[in-house]
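In: Give me coordinates for this.
(2 chains)
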Amino acid sequence: MLNAFAQINEFLNSFPDEVQGRDAMRPDPQLCDRLERLARGQCSEPERVELCQMLVSHPEWMSYLADSIKQLRRSSLPYSS
Amino acid sequence: MPLPKSSYDDDMGLARACLEGKNESVKEVQSLYNQRLTGLLVSRGATSTEAADILGDFWGESLVPHGEREPLLSKYHGKCSLYTWLATVVTHRLVDLKRRQRFQGNLPSASHESEELVGDFDQLAGRSESLSESVLTQLMREALRKALQECSSEAYVLLQLVYIHGVLQREAAKVFGWHESKVSRTLEQAMADIASRTMRYIKQSDPWLDVTWDDFMELCQSTGDIFASDRARWKEETPKVTK
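Out: Numbers count the residues shown, from 1 in each chain, chains lettered A, B, ... in the order given. Model prediction:
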């Protein structure tokens, strides 16, 4: 069962005009670098707030941040299964 | 090995029998749900007369085929219980009815300028068989959008990372430089704020509509399921453009 936020998201995404242009896009290299620093927890508070505001305006970049965080998870696992 | 039975197979069977024009099935659906739906409509803000009118029309139009027009029940695909589906559709109709009544109350007299009349007519939504265009759908969508816009950017990113992209709360804590308990509190508070803002917006827009956050979530889910079926059909029916 979906959590409430995922359910809201799914409802809003069921309108074609809500999802236009939201396909996963790779941000430019400079932004990739900043998002990877954010994923590693290396951003100052003002920079973090600025990046979060940018992500709200460009939700298509959220996947890049999430993938960067999960990449760190995989690289920090002691054993790979 | 037989396929596992879906929890709504019985409901689907009953719906199919109605669509095939089996009178006893139509009567069964009405006897199972008419009273419950009446109670639900009244609890959501209808008068007894309005509830009876909505259901009277609904049963007449929605269960069995009329000429070439497909009955609304053909849009039930067993993704939720038949009762939830019926409750969703009649709630959409209730909101449409109340909005039409509000419009009728504001109908300008013949002495008004004709431009004003055109303006008011432009605002009037006719009852739509497509729930994606219904007044309630637009209201729910607008309420959620406004509620989400009021979230802080950090809370919004956190909600997306944890609830949509599957990032763990301890990983999010590292990203934000917070303690894990602050992540958990922020998520909880953000969801509570979204719920209360959404309900506040709905109350401001349609004060008569009596729904709880749980009702709202159920409407989101079942309306979304109905869209999904519509979208799938739309994709099938839309001719593919070849280069």
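In: Where does chain A get nearest to chain B, which residue?
Out: In chain A, the residue that lies nearest chain B is residue A:66 (3.4 Å; CB to the nearest CB). Yep, even glycine has a C-beta here, placed from its N, CA and C like the rest.
In: Contact partners for that residue?
Out: Residue A:66 makes contact with B:160-161, B:165-167, according to CB atoms under 8 Å, 6 or more residues apart in numbering or on different chains.
In: next one: residue B:201
Out: Taking CB under 8 Å, 6+ apart, we find residue B:201 in contact with B:142-143, B:146-147.
In: ok but it is inside a helix, no?
Out: Yes - looking at residue B:201 with DSSP: H, G, I helix; E, B strand; the rest coil, it is inside a helix.
In: Show me which pair in the contacts of residue A:66 is furthest apart.
Out: Across the contacts of residue A:66, no pair lies farther apart than B:160 and B:166, at 10.7 Å, counting by CB to CB.
In: For these two, indicate the residue with more neighbours.
Out: Taking neighbours as other CB atoms under 10 Å in any protein chain shown, residue B:160 and residue B:166 compare with residue B:160 leading, 21 against 11.
In: quick one: the nearest residue to that one once chain neighbours are set aside from residue A:68, how far?
Out: Leaving aside its chain neighbours, residue B:160 sits nearest to residue A:62 (5.1 Å; criterion: CB to CB, 6 or more residues apart in numbering or on different chains). For residue A:62, the distance to residue A:68 (CB to CB, to the nearest Å) stands at 11 Å.
In: Let's verify residue B:209: helix, strand, or coil?
Out: Per three-state DSSP, the secondary structure class of residue B:209 is coil.
In: Within range of chain B, give me the residues from chain A.
Out: Residues of chain A lying near chain B by CB under 8 Å from any CB of the partner chain: A:2-12, A:14-15, A:38-41, A:45, A:48-49, A:52-53, A:55-56, A:59, A:62-63, A:65-66, A:69-70, A:72-73.
In: Which residues belonging to the strand or helix carrying the residue of chain A closest to chain B are considered buried?
Out: Using DSSP states H and E, residue A:66 sits in helix A:62-76. Buried positions in helix A:62-76, judged by neighbour count with 16 or more other CB atoms under 10 Å in any protein chain shown: A:62-70, A:72.
In: Up against chain A, what does chain B have?
Out: Residues of chain B found near chain A (CB under 8 Å from any CB) are B:132, B:140-141, B:144-145, B:148, B:153-154, B:156-157, B:159-161, B:163-168, B:171-172, B:174-177, B:191, B:194-195, B:217, B:220-221, B:223-224, B:227-228, B:231.
In: if I pick the residue nearest to residue B:156 when sequence neighbours are not counted, what's in contact with it?
Out: Of all residues not flanking residue B:156 in the chain, residue A:56 sits nearest, at 5.4 Å (CB to CB, 6+ apart). Residue A:56 is in contact with B:153, B:156-157, counting by CB under 8 Å, 6+ apart.
In: What residues does residue B:168 make contact with?
Out: A:73, B:162.
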